[in-house]
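1. What would the 3D arrangement of this be:
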Amino acid sequence: MPTTLGIAMVGCGGIARSHAFALTKVPDAKLIASVDLDEAAALRFKERFGFETHSTDLAAVLARTDVDAVVISTSSKSHGPLIIQALEAGKHVLVQKPMTATVDEARAALALADERGLKLMVSFFELFLPPVERAREIIEAGLIGEPFLFKAIMAWHTPDVTTSWRFDPALAGGGIMLDGNVHHVSNALYLLGNPEVQSVYAEYGALTADIDVEDTAVIVIRTDKAILEISGSNRLQEPGGATMAFKDQWAVYGTKGTVQWDAAARPTFRVFTSEPSATNTLLGNGWISPKLPVQAADHREFSMHINGEESPWVPEHQHFVDACLNDTPVRSDARFGLKTQLILDAAYESGRQGRKLPIGS
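-> All right, here's what the predicted structure looks like:
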């Protein structure tokens, strides 16, 4: 059994910095090649993060026997084809969310990963936040009773809609729903134990600028036990937030209490429970902020909206490397990625039709 995982990074833009930084902190990860259509960008990554080589030729890199896995951190529309190319070359894949831009691409990626016996993990990095992990444990322990409502928002301000790939449908595949709302779709599924999704309704549009993708959206998802309300915008203007007025919040409401997370608050995480065995009368039946693990200072990667002490990037990449080396399950696998894609596709279609839609499979 190999003791190190040779990794190629595909895409050397913004979010790729977080992936590459995290990999430098994983002892069993070996950084083989940084790959980008822009050779200068690939070279910068090689020099900054210590990849052995850089390239603009992905096929040549995938042909290398010392490359065991690929981290894909390109614009959303390109994810599907790149996943297929990497899997066909026999490489494990970690892909930045969303897994793909369409359901058909997601199904094809899942089928190929199963056929080849390879890991395909979607980087929903917030699933590795300590408050998300602790909230799931609290919910599973029954401390807030039966969850019946999940409510979340991810929003920020992009001042110039003419320069970012996020506003180009040919590159992004969609707007804020694929870029922002998707995070809280995955958070809700994970926190609530992957519930059965029954229907989806969405309202969205380009409400603040003349652009070809949605800048604002609200998705309402009905599951077998709870209702999920997930909002997002990339044109929000207000003070506060960690950076650029970035707003990232969620709450799970149960029959016995509530768990809440707000990236910009300190502390970020708090719990209310009416369960007598979990509280002391001296606490006055109020909010509790559980002590959470703190990420080491040299393992904190910058994210615009995440408290550095809770940085999820190194734990996520350690999890992926361990899963590849030890053949253990990944937290957000291709089936999980497909489920989020089915929800997002239903949301887009719901908005076009102006009605609630049953979820596909």
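2. what helices or strands is the longest helix seen in the chain leaning on?
-> When the chain is scanned for its longest helix (criterion: DSSP state H), the result is helix 334-353. The contact analysis (3 or more Cβ pairs under 8 Å, 6 or more residues apart in numbering; DSSP states H and E) places helix 334-353 against helix 103-116, strand 120-123, helix 182-191, strand 197-205, strand 216-223, strand 357-358. Glycine gets a C-beta too; all of them are placed from N, C-alpha and C.
3. Quick check: buried residues in the first one?
-> In other words, helix 103-116. Neighbour-count burial for helix 103-116 flags 105, 106, 108, 109, 110, 112, 113 (criterion: 16 or more other Cβ atoms under 10 Å).
4. counting contacts, what elements does it pack onto?
-> Against helix 103-116 (3+ Cβ pairs under 8 Å, 6+ apart) you get helix 79-88, strand 120-123, helix 334-353.
5. Give me the contacts around that helix.
-> 79-81, 83-84, 87-88, 90, 93, 99-100, 119-120, 334-335, 337-338, 341-342, 345, 360 (Cβ atoms under 8 Å, 6 or more residues apart in numbering).
6. between it and helix 334-353, how many degrees?
-> Angle, helix 103-116 to helix 334-353, by axes from the mean of the first three to the mean of the last three Cα atoms, to 10 degrees: 170 degrees.
7. so residue 34 sits right up against residue 17, yeah?
-> No. Using Cβ atoms under 8 Å, residue 34 is not in contact with residue 17; the gap is 11.1 Å.
8. Among these two, which residue is more densely surrounded?
-> Here residue 34 and residue 17 are set side by side on neighbour count (other Cβ atoms under 10 Å), and the busier one is residue 34, at 30 against 18.
9. Is the more buried one bridged to anything, and to what?
-> For residue 34, the beta-bridge partners under DSSP bridges are residue 9, residue 54.
10. check contacts around it.
-> 8-9, 12, 20, 42-43, 45-46, 49, 51, 53-55.
11. What subset of those residues is buried?
-> For those, a neighbour count by 16+ other Cβ under 10 Å gives the buried set as 8, 9, 12, 20, 42, 43, 45, 46, 49, 51, 54, 55.
12. Now for the third one: which residues touch it?
-> By Cβ under 8 Å, 6+ apart, the residues touching residue 12 are 20, 34, 35, 36, 38, 41, 42, 44, 45, 73.
13. Report pLDDT for it.
-> The score at residue 12 is 96. That number is its pLDDT.
14. Now it: which helix or strand?
-> Here residue 12 is covered by no helix or strand, with elements defined by DSSP states H and E.
15. so which of the helices and strands packed on helix 103-116 comes closest to residue 204?
-> With respect to residue 204, and counting by Cβ to Cβ, the nearest of the helices and strands packed on helix 103-116 is helix 334-353 at 5.0 Å.
16. what's the distance between the spatially most central residue of the chain and residue 193?
-> Centroid-nearest residue in the chain: residue 124, 2.1 Å away (criterion: Cα atoms, centre = their mean). Note on residue 124: its distance to residue 193, by Cβ to Cβ, to the nearest Å, is 16 Å.
17. just residue 302 next, same as before
-> 32 Å.
18. give me every residue that touches residue 290.
-> Residue 290 neighbours (Cβ under 8 Å, 6+ apart): 134, 269, 271.
19. quick one, helices of the stretch 201-350 of the chain?
-> Taking DSSP state H, counting those that start in this stretch to define them, one finds helices in the stretch 201-350 of the chain at 313-326, 334-353.
20. Output the lowest mean pLDDT helix or strand found in this structure.
-> One helix or strand of the chain scores below all others by mean pLDDT, DSSP states H and E: helix 169-172, with a mean of 82.
21. so after it, what's the next helix or strand?
-> Proceeding N to C from helix 169-172, the next assigned helix or strand is helix 176, under DSSP H and E.
22. So for that following helix, mean pLDDT?
-> The average pLDDT within helix 176 is 94.
23. thinking again about what came up before, who wins for proximity to residue 256 among the helices and strands packed on helix 334-353?
-> Set against residue 256 and scored by Cβ to Cβ, those come closest in helix 182-191, at 15.6 Å.
24. pLDDT on the closest one, on average?
-> Averaging pLDDT along helix 182-191 gives 97.
25. now it, how far from the centre of its chain.
-> Centre-to-centre, helix 182-191 and its host chain are 8 Å apart (Cα atoms, centre = their mean, to the nearest Å).
26. Equivalent analysis for stretch 207-214, please.
-> 24 Å.
27. Over to stretch 80-95?
-> The chain centroid and the centroid of stretch 80-95 are separated by 18 Å under Cα atoms, centre = their mean.
28. do stretch 46-59 as well
-> On Cα atoms, centre = their mean, the centre of stretch 46-59 falls 25 Å from the chain's centre.
29. now do stretch 317-329
-> Offset of stretch 317-329 from its chain centre (Cα atoms, centre = their mean): 17 Å.
30. just to revisit the earlier point, can you give me the buried ones in the longest helix of the chain?
-> Those would be 334, 336-348, 350-351, for helix 334-353 by 16+ other Cβ under 10 Å.
31. For the contacts of residue 290, please prepare JSON lines with the additional fields pLDDT, neighbour count and distance to residue 288.
-> Formatted as JSON lines, the contacts of residue 290 follow (pLDDT from 0 to 100; neighbours: other Cβ atoms under 10 Å; distance: Cβ to Cβ, whole Å):
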{"residue": "134", "pLDDT": "97", "neighbour count": "18", "distance to residue 288": "11"}
{"residue": "269", "pLDDT": "96", "neighbour count": "24", "distance to residue 288": "10"}
{"residue": "271", "pLDDT": "96", "neighbour count": "21", "distance to residue 288": "5"}
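32. Go through those and name the one nearest residue 324.
-> residue 134 (26.1 Å).
33. Done for today, thanks.
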